[in-house]
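**Student:** no sequence on this one, just coordinates:
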């Protein structure tokens, strides 16, 4: 079945550091890939998405590129802020006719001033 | 604000009881999804509805059921509750339920089973 693997957290960075959160997936067909962010006490918000190979999703300084050859969708940001502290979830939705969503386990990011 | 509303925000009940969680999707969205988030299981997809019909099923227990009504709001019914059902339950909605659609999440209902 489909699966998403994220790097274990928590990740602690200093403000303005470079961020990478690794995400790899296993899926049949051609899934759409997503990064969601969950701030403390809130629901999930879509951060970015990519629906086909080589697409780059970007939002609020975050980027991720859909790499079919390495089955990866790593999240990057050049300079993190304290306000980026949250839990980040990588997810996929398979294109096989119905929308079963598979999430990774989440990676907690803490940015310290 | 995602436009998805969920009620109640918090629910405390006892083992063996039954509860109903309610979700109103964003205006115009036809598809509704339910998720369970717990410390040990992470974020799990439960079920999806599209325009009143069940579209996809995930890790939903037989004690749980859901439906989507003609006005497109949805209810998740949890019965014979166990301690392990304590979790945050999220509802999400999307335009037409396609794999490329963005899902917009509600704030969640926190269920505590004592």
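**Tutor:** That came through fine. Quick caveat, the model's predicted, so the values are computed rather than measured.
**Student:** From chain B, how far off is the nearest residue to residue A:26 once chain neighbours are set aside?
**Tutor:** Spatially, and ignoring its direct neighbours in sequence, residue A:26 is nearest to residue A:3 (4.7 Å; C-beta to C-beta, 6 or more residues apart in numbering or on different chains). (C-beta placed from N, C-alpha, C; glycine too.) Applying C-beta to the nearest C-beta, to the nearest Å, the value for residue A:3 to chain B is 12 Å.
**Student:** residue ranges of the helices in chain B, please?
**Tutor:** Taking DSSP state H, chain B contains no helices at all.
**Student:** Now do the contacts for the residue nearest the centre of it.
**Tutor:** By C-alpha atoms, centre = their mean, chain B has its centre lying nearest to residue B:34, at 3.1 Å. Listed by C-beta atoms under 8 Å, 6 or more residues apart in numbering or on different chains, the contact partners of residue B:34 are B:23, B:45, B:46, B:47, B:48, B:60, B:66, B:74, B:76, B:89, B:90, B:91.
**Student:** one step back: the residue nearest to residue A:26 - how many residues pack around it?
**Tutor:** Residue A:3: 12 surrounding residues under other C-beta atoms under 10 Å in any protein chain shown.
**Student:** same question, the one 10 residues further on
**Tutor:** By other C-beta under 10 Å, the residues close to residue A:13 number 16.
**Student:** Going by secondary structure, it is in what exactly?
**Tutor:** Taking DSSP states H and E as the definition, residue A:13 sits inside strand A:11-14.
**Student:** Look at the residue nearest to residue A:26 and report its pLDDT.
**Tutor:** At residue A:3, the model reports a pLDDT of 91.
**Student:** Residue A:99 too?
**Tutor:** On the pLDDT scale, residue A:99 is placed at 66.
**Student:** what does residue A:96 give?
**Tutor:** With respect to pLDDT, residue A:96 has a value of 62.
**Student:** what's the first-to-last distance across stretch A:50-65?
**Tutor:** Length of stretch A:50-65, first residue to last, C-alpha to C-alpha, to the nearest Å: 7 Å.
**Student:** about what we covered before: partner strands of the strand holding residue A:13 and their direction?
**Tutor:** strand A:107-112 (parallel) (DSSP bridges).
**Student:** who touches the partner strand?
**Tutor:** Taking C-beta under 8 Å, 6+ apart as the rule, strand A:107-112 contacts A:6-15, A:17, A:19, A:21, A:80-89.
**Student:** Only the buried residues of it, if you could.
**Tutor:** The neighbour-count check on strand A:107-112 (16 or more other C-beta atoms under 10 Å in any protein chain shown) flags A:107, A:109, A:111 as buried.
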